[in-house]
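Colleague: sharing a model prediction with you, sequence too.
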Amino acid sequence: MPPTSREFPYLWNYEAITYTNDNIVTTAPVVIGTHGVDGINGLDGFNTATVTLYTRSLTAPEKPYTPESSEDTGIFSYDFSTGTFTPSYSNIWSTDIPEDNSSTPCWLTNITIINRNSVASNLSYTQ
């Protein structure tokens with residue numbers, strides 16, 4: 001199906017029907033679509049990223065961020081153009097898989113970031 005445009009605004013159709021006796025009947029052309037008026041630009045879409053954090057521990061590790069109260073949140077930044085995750089906390093979790101030669105289990109958790117800007121900063125999450 002050809003696209004419509006400002007230059008060619010109408011989409012039309014007709015049918016040529018061939019019967020078993022080889023008679024051909026052509027229907028009248030009809031407009032089945034038109035090119036509409038351009039609308040206003042919509043909002044920019046969302047950037048999304050999932051950051052995986054790793055740690056090694058023989059027992060269940062502490063969460064990547066442990067709030068001191070129920071209102072406390074973790075603050076971090078994420079640059080969608082470079083994929084750089086910058087947490088404001090420092091504990092046993094890392095974006096790199098920690099090396100270990102003693103077969104200590106590797107734990108992981110994911111943080112999903114959704115934002116309209118190219119750099120998501122001062123973002124928080126609760127657990």
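Modeller: Alright, I've got the coordinates.

Colleague: so what's residue 12 scoring on pLDDT?
Modeller: At residue 12, the pLDDT value in this model is 90.

Colleague: quick check, pLDDT for the residue located most distally from the centre of the chain.
Modeller: Taking C-alpha atoms, centre = their mean, the residue of the chain most remote from its mean C-alpha position is residue 21, at 56.9 Å. As predicted, residue 21 sits at a pLDDT of 95.

Colleague: near residue 52, how many other residues are there?
Modeller: 13 (other C-beta atoms under 10 Å). For the C-beta atoms, the positions are set from N, CA and C on the backbone; glycine is no exception.

Colleague: how is this protein divided into domains?
Modeller: As recorded under automatic domain parsing, the domains making up the chain are 1-37, 47-125.

Colleague: which of those domains sits most buried?
Modeller: domain 47-125 (a mean of 13; mean count of other C-beta atoms under 10 Å).

Colleague: ok, the residue nearest the centre of the chain - contacts?
Modeller: Compute the mean C-alpha point of the chain, and by C-alpha atoms, centre = their mean the closest residue is residue 48, 4.6 Å away. Residue 48 makes contact with 112, 113, 114 under the criterion C-beta atoms under 8 Å, 6 or more residues apart in numbering.
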